[in-house]
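Visitor: Provided below for reference: sequence and predicted model.
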Amino acid sequence: MVVKPAALMCGARRSCLILHLFPTARRIEVFNLVCLFCCSCLFANFFACTMNSVVSALTKRYGEQNDNYFSGSPLNRVSFLREDYAFLSSALRHPTTRFIVLQKFDPAVYPNSGDYYYLKYDDVKSAIGNPFEKSESEVIAEFDSSISAPPLIFLGIDESKADGVVHKQYTGHALFALDVTLPELDVLFKPAIQSIIDGIESGGGKFVTVRTAFILSYPDAAIYAQARSYLDWNVRNPFCAGCGSKTLSVNGGSKRVCPPTDRGVERGPCPSRGTITNISFPRTDPTIIVAVVNSKGDKLLLGRNKRFPVKFYSCLAGFCELGESVEEAVRREVWEESGVKLGRVVIHSTQPWPYPACLMIGAIAEALPDGEKIHLEHDPELGDAQWFPFSTVEQALNVAEKNSNTLDLTDNLVEGPIKVPPSKAIAHVLMRAVVVEKAHRI
């Protein structure tokens, strides 16, 4: 190994070198010694304070953690408090509580900054009232299927802000998500909802499609992923999967129940009552996405879905099926879509994908030396698949990163031979991990 003089190395590279060359007990001493040869004293002191806590055994073994877009929420969901309607009622009405508003699952934001257009309780009170004023059991007993109230989701509390709602040892600013999609609502609520929409638009807010315009910050995107997925699930499941009757949203929007009565009239039996069932809670669909490297380690397998523009390529992906591991799903999907056979499969990182409720499980895989021939006639999903040299993929990645907030699905090819997803998509992260960071090598 050739070691550069400490004074010529940037702080981050110097710290990484020390992590690898010296045991934990010696790192702080050596780091401060190196600092004598440069002017990075503050940097050295920072690492001296954090070295032992940051570099865990897992980090040394598996590398740094990857927090992808739509993950890393700043909220504590306090999911165990969702049944406590006294807490939810207090949180709902607290003066520090904020509401993010979605229309057709698009959030209201300030388009220039990408910040949420937050509302307070007084701004939405006429539309939602206080759905947590009574206990959950009382709400279920008084169920009236003729009323379709605006979907409301309790997202959690931001504990970094200590002047918010207080409940036992939990303190923070509460956050709710409210759906204002008019066609889904009862006539009773439409005037108040329209007033909210008008107020947002007159105040400079706009409902933005995040899937093609990634303008939200990473923390806000994580909050949006939770909000959108829960709202979408509530809207998609107005009827019980067990008996077909109308359901009621409870637990702050995180559960739907099939009440035994409707306007005081007994309903028929339902398998969802009296037990815990998977038809009462939201589902998450595990989905694999993989960067496949050839056996020589210099090409990447990318595919073009038939719905994509001619030059738009991405990593291969597909749903996990029942009774198979993630690794098995990766091998099956890649073979079905491209005909390529895989050997080793390693999970790299994950990304919540709220369209509607997928968990993208990102992997890196190696093709078998005798299994690299592309054959598209098994599953007709792809319009094309090719082995691209790393240099071609890296060029496409660099172009995509110039406009990282936009998913460009047009046929326009501005620069480079192909187009790839933007940097906030896990497909881009996996490509970069292989092509630039050489994650497939020891």
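Guide: Okay, I see it.

Visitor: list the buried ones in stretch 127-147?
Guide: For stretch 127-147, a neighbour-count test (16 or more other Cβ atoms under 10 Å) marks 127-128, 131-132, 136, 139-140, 143 as buried. Where C-beta positions appear, they are placed from N, C-alpha and C, glycine not excepted.

Visitor: Ends of that stretch, what's the gap?
Guide: One end of stretch 127-147 sits 13 Å from the other (Cα to Cα, to the nearest Å).

Visitor: Show me how far it is from its chain's centre.
Guide: 30 Å (Cα atoms, centre = their mean, to the nearest Å).

Visitor: Which pair in the buried residues of stretch 127-147 has the greatest spatial separation?
Guide: Ala127 and Ile140 (22.1 Å; Cβ to Cβ).

Visitor: nearest to Val330, of the buried residues of stretch 127-147?
Guide: Among the buried residues of stretch 127-147, and counting by Cβ to Cβ, the member closest to Val330 is Glu136, at 41.5 Å.

Visitor: how about His348, secondary structure?
Guide: Secondary structure state of His348, per DSSP: H, G, I helix; E, B strand; the rest coil, is strand.

Visitor: Was I right to think it contacts Gly362?
Guide: Yes: in this structure, His348 is within contact of Gly362 by Cβ atoms under 8 Å, at 4.6 Å.

Visitor: so what sits against both of the two?
Guide: 291, 429-430 (Cβ atoms under 8 Å, 6 or more residues apart in numbering).

Visitor: Can I get the residues you listed in TSV including pLDDT and secondary structure?
Guide: Formatted as TSV, those follow (pLDDT from 0 to 100; DSSP: H, G, I helix; E, B strand; the rest coil):
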residue	pLDDT	secondary structure
Ala291	98	strand
Val429	96	helix
Leu430	97	helix
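
Visitor: which of those lies closest to Val257?
Guide: Val257 lies nearest to Val429 out of the shared contacts of His348 and Gly362, by Cβ to Cβ, at 38.5 Å.

Visitor: Let me see the contact set for the closest one.
Guide: Contacts of Val429 (Cβ under 8 Å, 6+ apart): 66, 68, 348-349, 351, 362, 423.

Visitor: For Phe207, see how far away Pro111 is.
Guide: 10 Å (Cβ to Cβ, to the nearest Å).

Visitor: And for Val340?
Guide: Distance from Val340 to Phe207, by Cβ to Cβ: 41 Å.

Visitor: higher neighbour count, the two?
Guide: Val340 (23 against 20; other Cβ atoms under 10 Å).

Visitor: can I assume that one is in contact with Gly303?
Guide: No: in this structure, Val340 is not within contact of Gly303 by Cβ under 8 Å, at 10.0 Å.

Visitor: joint contacts of these two?
Guide: What both Val340 and Gly303 touch, as defined by Cβ under 8 Å, 6+ apart, is the set Ala385.

Visitor: just to revisit the earlier point, ok, the contacts of Val429 vs Thr212, which is closest?
Guide: Nearest member of the contacts of Val429 to Thr212, counting by Cβ to Cβ, is Ser423, at 14.3 Å.

Visitor: count of neighbours near that closest one?
Guide: 18.

Visitor: so what's it up against?
Guide: 397, 400-401, 404, 429, 432.

Visitor: again, but for Val180
Guide: Counted by Cβ under 8 Å, 6+ apart, Val180 has contacts 101-103, 127, 150, 193, 196-197.

Visitor: Closest one of those to Gly274?
Guide: Pro150 (29.4 Å).

Visitor: Would you mind measuring from the closest one to Val420?
Guide: 39 Å.

Visitor: what about these two, which has more around it?
Guide: Val420 (27 against 23).

Visitor: if I look at that one, how far off is Glu266?
Guide: 58 Å.

Visitor: Same check on Asp144?
Guide: As for Asp144, its distance to Glu266 is 14 Å (criterion: Cβ to Cβ).

Visitor: Could you do Asp179 as well?
Guide: 31 Å.

Visitor: try Val139
Guide: Distance from Val139 to Glu266, by Cβ to Cβ: 18 Å.

Visitor: and if you look at Ser314?
Guide: Taking Cβ to Cβ, one finds Ser314 at 53 Å from Glu266.

Visitor: Now do the strands in the stretch 101-250 of the chain.
Guide: 106-109, 152-158, 165-167, 170-179, 206-207, 248-250 (DSSP state E, counting those that start in this stretch).

Visitor: tilt between the second one and strand 170-179?
Guide: So the one you mean is strand 152-158. 150 degrees (axes from the mean of the first three to the mean of the last three Cα atoms, to 10 degrees).

Visitor: which residues sit against strand 152-158?
Guide: Under Cβ under 8 Å, 6+ apart, the answer for strand 152-158 is 73-78, 82, 88, 91, 100, 128, 131, 164-165, 170-179, 223, 226-227, 230-231, 234, 249, 252-254.

Visitor: Among those, name the buried ones.
Guide: Judged by 16+ other Cβ under 10 Å, buried ones among the contacts of strand 152-158: 73-75, 78, 82, 88, 91, 100, 128, 131, 164-165, 170, 172-179, 223, 226-227, 230-231, 234, 249, 252-254.

Visitor: Poorly predicted segments of the stretch 1-150 of the chain, please.
Guide: 1-54 (pLDDT under 70).

Visitor: As a check, name the ranges of all helices in it.
Guide: Under the criterion DSSP state H, counting those that start in this stretch, the stretch 1-150 of the chain contains helices at 11-21, 24-35, 41-54, 57-62, 85-93, 121-128, 136-141.

Visitor: Could you verify my assumption that Leu231 touches Pro150?
Guide: No: look at Leu231 against Pro150 with Cβ under 8 Å: they stay out of range, at 9.9 Å.

Visitor: who touches both of these two?
Guide: With Cβ under 8 Å, 6+ apart as the test, Leu231 and Pro150 both reach Asp179.

Visitor: Distance check, the residue nearest to Gln226 when sequence neighbours are not counted against Ser90.
Guide: Of all residues not flanking Gln226 in the chain, Leu155 sits nearest, at 5.8 Å (Cβ to Cβ, 6 or more residues apart in numbering). Leu155 is 16 Å from Ser90, where distance means Cβ to Cβ.

Visitor: Compare those two (neighbour count), which wins?
Guide: Comparing Leu155 with Ser90 by other Cβ under 10 Å, the one with more neighbours is Leu155, at 25 against 16.

Visitor: For Leu175, see how far away that one is.
Guide: Taken as Cβ to Cβ, the span from Leu155 to Leu175 is 5 Å.
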